[in-house]
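Participant: one predicted model, sequence on top.
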Protein chains: 2
Amino acid sequence: MKYLSRPEELVLLTIWKMKEEPYGINIRKYITKMTGKYWSIGSIYVPLDRLENKGYLTSSLVSPTSERGGKSKRFYQLTKEGLKQLQEIKKIYQAFWKDLPDLSVKKT
Amino acid sequence: MKYLSRPEELVLLTIWKMKEEPYGINIRKYITKMTGKYWSIGSIYVPLDRLENKGYLTSSLVSPTSERGGKSKRFYQLTKEGLKQLQEIKKIYQAFWKDLPDLSVKKT
DNA sequence: CCTATTAATTCTATTATATAGAATTTATAA
DNA sequence: TTATAAATTCTATATAATAGAATTAATAGG
């Protein structure tokens, strides 16, 4: 893709905004809440993976706290490059969406 | 995709904004200018096609004016459904991008 | 201590989309 | 009647979306 795809964009933005622990399950929860749509496990983890491979994210496993058991969480953080991508699509977005005829009215 | 993909978004927005003749070549020209990136022929026409199949666009061939020869242009127009999709991603976009920590500063 | 349960991630397959550019079509000019 | 130009259509390959099963690793309870 020339730019971040939509799922990549949402994942990155979520990590950037997130105050609570930025790991897969939480990210999925947030995106689900915000969009009101179902997001499969894969539809979160696959982009996470790709974004990390591209250098837009880094991650590290955190040692488990003493809640009920479970695998370690993997926390994500944006890299400088990831931020740059967000800036880029923000710029594109603004250029395309500004001066838009009102979307609530059908053009005739 | 749950939402319009990025190329679909740009194509639809371009058609919605365009004052001049909304046909493939012009759409490509506009998107190229706005993004400053190369867009192949296919990267415009393939989404156009798909958007029409999904019912977000309609099109019709226009009878050629007497310029230098060439195949007829196909003019595109947004449908109500296409507009609805734009409204939907606008809503998503706004929700995700508002209250964003400043993108120009690296979070520490 | 060993087993059930839970939380989370990793893996993998399938479908859909992105992207490039060659081929084709159709018109006019010479 | 052929060369040239403008535009679209077609098609192949690479990449991304999406779903969910499998796996891993931790703790609680007997």
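Facilitator: Thanks, I have it. Numbers count the residues shown, from 1 in each chain, chains lettered A, B, ... in the order given.

Participant: tell me the spacing between A:Lys91 and B:Gln94.
Facilitator: Distance of A:Lys91 to B:Gln94, computed by CB to CB, to the nearest Å: 16 Å. Any C-beta I mention is one placed from the backbone N, CA and C, and that applies to glycine too.

Participant: revised request: answer the last question for A:Val11.
Facilitator: 18 Å.

Participant: leaving out the residues flanking it, which one is nearest to A:Leu61?
Facilitator: Closest residue to A:Leu61 apart from its sequence neighbours, by CB to CB, 6 or more residues apart in numbering or on different chains: A:Ser72 at 4.5 Å.

Participant: residues in contact with that neighbour?
Facilitator: Contacts here follow CB atoms under 8 Å, 6 or more residues apart in numbering or on different chains; on that basis A:Ser72 touches A:61-64.

Participant: so which of these reach DNA strand D?
Facilitator: A:Pro64 (CB under 7 Å from any atom of the strand).

Participant: so for the contacts of A:Ser72, which is the shakiest by pLDDT?
Facilitator: Checking pLDDT across these, the minimum falls on A:Pro64 at 73.

Participant: that one in helix, strand or coil?
Facilitator: coil (DSSP: H, G, I helix; E, B strand; the rest coil).

Participant: ok, it - contacts?
Facilitator: Counting by CB under 8 Å, 6+ apart, the residues that A:Pro64 touches are A:70, A:72-73.

Participant: check whether the longest helix along chain A comes near chain B.
Facilitator: The residue-count maximum for a helix in chain A (DSSP state H) belongs to helix A:80-97. Yes. Contact of helix A:80-97 with chain B (CB under 8 Å from any CB of the partner chain) involves A:80, A:83, A:86-87, A:89-90, A:92-93, A:95-97.

Participant: what about that helix, near DNA strand D?
Facilitator: No. Using CB under 7 Å from any atom of the strand, helix A:80-97 never reaches DNA strand D; the gap is at least 11.6 Å.

Participant: touching that helix from outside, list them.
Facilitator: A:3-4, A:9, A:12-13, A:16, A:51, A:54-57, A:78, B:6, B:9-10, B:13-14, B:17, B:34-35, B:90, B:93, B:97, B:103-104, B:106.

Participant: the same query, at a cut-off of 7 Å, please.
Facilitator: A:3-4, A:9, A:12-13, A:16, A:51, A:55-57, B:10, B:13, B:34-35, B:93, B:103, B:106 (CB atoms under 7 Å, 6 or more residues apart in numbering or on different chains).

Participant: likewise for stretch A:21-39?
Facilitator: A:10-11, A:14-15, A:18, A:20, A:44-45, A:48, A:73-76, B:2, B:92, B:95-96.

Participant: among these, which ones are buried?
Facilitator: Listed as buried from these are A:10-11, A:14-15, A:44-45, A:48, A:73-76, B:92, B:96; burial here means 16 or more other CB atoms under 10 Å in any protein chain shown.

Participant: can you narrow the residues you listed to ones near DNA strand C?
Facilitator: A:45, A:73-74.

Participant: number of nearby residues for the nearest residue to A:Gly55 once chain neighbours are set aside?
Facilitator: For A:Gly55, ignoring the flanking residues on the chain, the nearest one in space by CB to CB, 6+ apart is A:Glu81 at 5.0 Å. When neighbours are defined as other CB atoms under 10 Å in any protein chain shown, A:Glu81 has 12 of them.

Participant: sorry, back to before: show me the contacts of stretch A:21-39 that map onto strands.
Facilitator: A:73-76 (DSSP state E).
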